[in-house]
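Enquirer: the following comprises the amino acid sequence and a computationally predicted model.
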Amino acid sequence: FNVEQSIYKKWNLVPIYFFSEEMLKKGTCKSEDITVIYAYHPIKNEYAKLYSFGFQSLDLKPVLENLNKEFMAERILAGIFYNSVLVYSRNDCKLVAELPHQFNNFILLLQQAASQQQQQFNFAAGWNFWSGTKDIEGKNFDEIKGTCNIEKAYIFNANSQSWQQITNVPATGTAFVFKTTNKCIFGYEQPAPPSMPQ
């Protein structure tokens, strides 16, 4: 399925999957439009520069592979397909990505990956950059919090160049940030069955 993202002049919060060589050919954004791209490093609690015009390729895959090694060692969900990044653009343009259908059910995908690898990956305690997916779109964070104690969540409004607090997960392809007090993973509540009759 296709996902589109309008990019505005100045700062934008964008899902990372738009920045592969294949995806960049689908939209109207060119490398000369993008000045700089920052990811958030949740272990160090600081920004990491992924791209700077004229110095790196706009295809972020090689840069992310190096960053992922650090996150994998800590078992942190960062730098992967559904993270988001801050992008500074010189012009308005559009990004287009074609996503595989298995990403329609992202929470299920996370649970399957954890059970197959016999190791649990988590969001870091503190700020995490992520993006909406079809299975969690529009849900209140309480519905999908899993083991997370989510304090707050925001989207970045590129028109006003400001953060806006949210209580529901944004649409598929929309990036957001959330802060959690613990290492955790999204998931649906698994309530206990009703007690047996007396």
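Expert: Ah, there it is.
Enquirer: any chance you could map the strands in the chain?
Expert: Ranges of strands in the chain, per DSSP state E, are 2-7, 10-15, 34-41, 46-52, 84-89, 93-98, 126-131, 150-157, 162-165, 175-180.
Enquirer: now these as CSV including mean neighbour count, mean pLDDT and distance to Gly27?
Expert: Bear in mind the C-beta positions are built from the backbone N, C-alpha and C, glycine included. Shown next, in CSV, are the strands of the chain (neighbours: other Cβ atoms under 10 Å; pLDDT from 0 to 100; distance: least, Cβ to Cβ, whole Å):
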stretch, mean neighbour count, mean pLDDT, distance to Gly27
strand 2-7, 17, 89, 7
strand 10-15, 22, 95, 11
strand 34-41, 20, 90, 11
strand 46-52, 15, 88, 16
strand 84-89, 22, 93, 12
strand 93-98, 17, 89, 4
strand 126-131, 22, 92, 16
strand 150-157, 17, 96, 19
strand 162-165, 11, 97, 24
strand 175-180, 21, 95, 16
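Enquirer: can you redo the ones you listed as a markdown table with distance to Gln198?
Expert: Formatted as a markdown table, those follow (distance: least, Cβ to Cβ, whole Å):
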| stretch | distance to Gln198 |
| --- | --- |
| strand 2-7 | 52 |
| strand 10-15 | 52 |
| strand 34-41 | 53 |
| strand 46-52 | 57 |
| strand 84-89 | 51 |
| strand 93-98 | 56 |
| strand 126-131 | 45 |
| strand 150-157 | 38 |
| strand 162-165 | 46 |
| strand 175-180 | 40 |
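Enquirer: ok, which of the ones you listed comes nearest Lys26?
Expert: Checking those against Lys26 by Cβ to Cβ gives strand 93-98 as the closest, at 3.9 Å.
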